[in-house]
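J.: Sequence first, predicted model second:
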Amino acid sequence: LLYQSIKVLLPDTKILNFHLPIIIILSLFSSMGWTVSQLMPDIFTSYLVLAIFLFYAWNKKSVGMYTFLSVIIISSILSHLTNITISVLMIGFLFIAFLITGPDRKDLILFIKKSVVIVTLIFISLLILREFNRKYYNYQGLSPTSQIFFVARLMDTGFMPEFLDEKCAEETYDMCRFKGHLPVSYEDFLWNPNSVFNKTGGWNINEHEEYGRIIHDVLTTPKYLGKFLYNCGMHSLSQLKTFEIGDGLTTVYNKESAQYQTATRHFDKREFREDYLNSKQTQGNLKFDKVNLMNYILLAVSVLIILWTFIKSKFDNNMALFTFIVIGTYII
């Protein structure tokens, strides 16, 4: 995807002079390698961004290239529910920007045709997702665990003890039994084996019917809705500057953790006694200070290059489109 993007953005240059150096620089001095190497689907957001850019940028792609980009878009949406929202909002923003620039009729028709195709791909992804959930979880919807993750997110707000103190007098939540022992973070709620979530059914999605009622009561009570929206705003601002190597790293992988229990079912337990529990990560000694310094320096240099490009106005349509998509998606 990076190779094809460079071909579009720098059509008059020898691509090998740019592609390999860019890959090396990003791998060694940015957080790209950290994101790629995690056993998490977050990297698919980057695939989605580049695929949608290429979908709009080229007007004479082969059927094979359009098919490849379509598969990437569908796979990216299936890999992470957030990508549904990102893709829909991205198309909406592009449409507004396209109208503001005052395109001619021919370009507008082509843009609309491509947008219809991408919207169709999003719709196909949703149908596939519903079918997966029906087949494997007997669930009619996009996410059988969305309420679990939403309640986990509510733990980050800090107002859940106050909310339960107020509501437990009139509601029969099972969670009321644990209102004095609620976790104070998203991670602690989901992954601590002694959390209220794991003590009341864990990942058995049929054990948390009340979560839907809790979410409804929070979002329909003006006081708590206001606190929740404010908290979301603060988290969004925090996420805008969260790009370090090591972000999301945890050391809670002791013998009680779900990770340890799962791994010991598939690997030699002696290996875990000797190596796993003594590793730098579980001991809290895995540091990224020096490599993060390079990460910051590369970011600063990149920003200067972007600003210089803006000042020199060396933007053709594809470069402007690429810049708008990347910055727009980052904010979304």
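T.: That came through fine. Numbering: from 1, shown residues only.
J.: Burial check on D316, number of neighbours?
T.: 11 (other C-beta atoms under 10 Å). C-beta: built from backbone N, CA, C; applies to glycine.
J.: mind listing what it touches?
T.: If you count contacts by C-beta atoms under 8 Å, 6 or more residues apart in numbering, D316 has none.
J.: Show me which residues of the helix or strand hosting L154 are buried.
T.: Per DSSP states H and E, L154 falls inside helix 146-155. Within helix 146-155, the residues that count as buried by 16 or more other C-beta atoms under 10 Å are 147-148, 150-155.
J.: Could you give the separation of stretch 289-307 from the chain centroid?
T.: 22 Å (C-alpha atoms, centre = their mean, to the nearest Å).
J.: from now on call the first residue 25
T.: With the count now opening at 25, the last piece we talked about shows up as stretch 313-331.
J.: ok, residues contacting it?
T.: 49, 52-55, 267-270, 347.
J.: quick revisit: could you dump the helix holding L178 to CSV, C-alpha only?
T.: Output of helix 170-179 as CSV, limited to C-alpha atoms (Å, rounded to 0.1, in the frame of the first residue of the first chain):
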residue,chain,number,x,y,z
SER,A,170,-20.1,-4.0,22.6
GLN,A,171,-22.0,-3.5,25.9
ILE,A,172,-19.1,-5.1,27.9
PHE,A,173,-16.6,-2.7,26.3
PHE,A,174,-18.9,0.3,26.9
VAL,A,175,-19.3,-0.5,30.6
ALA,A,176,-15.5,-1.0,30.8
ARG,A,177,-15.1,2.5,29.3
LEU,A,178,-17.5,3.9,31.9
MET,A,179,-15.1,2.7,34.6
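J.: tell me which strands and helices that helix is in contact with?
T.: With contacts taken as 3 or more C-beta pairs under 8 Å, 6 or more residues apart in numbering; DSSP states H and E, helix 170-179 sits against helix 210-215, helix 220-223, helix 234-243.
J.: how about 7 Å then?
T.: Contacts defined by 3 or more C-beta pairs under 7 Å, 6 or more residues apart in numbering; DSSP states H and E place helix 170-179 against helix 210-215, helix 234-243.
J.: which one of those helices has the lowest average pLDDT?
T.: Note on the helices and strands packed on helix 170-179: lowest mean pLDDT is at helix 210-215, with a mean of 84.
J.: Pull out the buried positions in that one.
T.: The neighbour-count check on helix 210-215 (16+ other C-beta under 10 Å) flags 210, 212-215 as buried.
J.: that older thread, where strands are concerned, which of the contacts of stretch 313-331 count?
T.: Of these, none are assigned to strands by DSSP state E.
J.: which two from the residues you listed end up farthest apart in space?
T.: Longest distance between any two of those is 28.1 Å, between G270 and T347; criterion C-beta to C-beta.
J.: do you know how far I47 is from S337?
T.: 28 Å (C-beta to C-beta, to the nearest Å).
J.: Relative to I136, which of the helices and strands packed on helix 170-179 is closest?
T.: Using C-beta to C-beta, the nearest of those to I136 is helix 234-243, at 35.1 Å.
J.: which helices and strands does the closest one pack with?
T.: Looks like helix 234-243 contacts helix 170-179, helix 246-264 (3+ C-beta pairs under 7 Å, 6+ apart).
J.: Next, the angle from it to helix 246-264.
T.: Interaxial angle, helix 234-243 versus helix 246-264 (axes from the mean of the first three to the mean of the last three C-alpha atoms, to 10 degrees): 100 degrees.
J.: can you give me the offset of helix 234-243 from its chain's centre?
T.: Taking mean C-alpha positions (C-alpha atoms, centre = their mean), helix 234-243 and its chain are 24 Å apart.
J.: That helix to helix 170-179, inter-axis angle?
T.: Going by the same axes, to 10 degrees, helix 234-243 makes 50 degrees with helix 170-179.
J.: Show me which positions of helix 234-243 end up buried.
T.: Neighbour-count burial for helix 234-243 [16+ other C-beta under 10 Å]: 234-235, 238-239, 241-242.
J.: Same question for stretch 266-275.
T.: The neighbour-count check on stretch 266-275 (16+ other C-beta under 10 Å) flags 267, 269 as buried.
J.: quick one: average confidence on that stretch?
T.: According to the model, stretch 266-275 has a mean pLDDT of 76.
J.: that older thread, TSV for the helices and strands packed on helix 170-179, including distance to N228?
T.: As requested, the helices and strands packed on helix 170-179 are exported to TSV (distance: least, C-beta to C-beta, whole Å):
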stretch	distance to N228
helix 210-215	14
helix 234-243	12
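J.: Any idea how far apart the tips of stretch 272-289 sit?
T.: Taking C-alpha to C-alpha, to the nearest Å, stretch 272-289 runs 25 Å from one end to the other.
J.: Show residues contacting it.
T.: Here stretch 272-289 makes contact (C-beta atoms under 7 Å, 6 or more residues apart in numbering) with 211, 215, 217, 296, 305-306, 308, 310.
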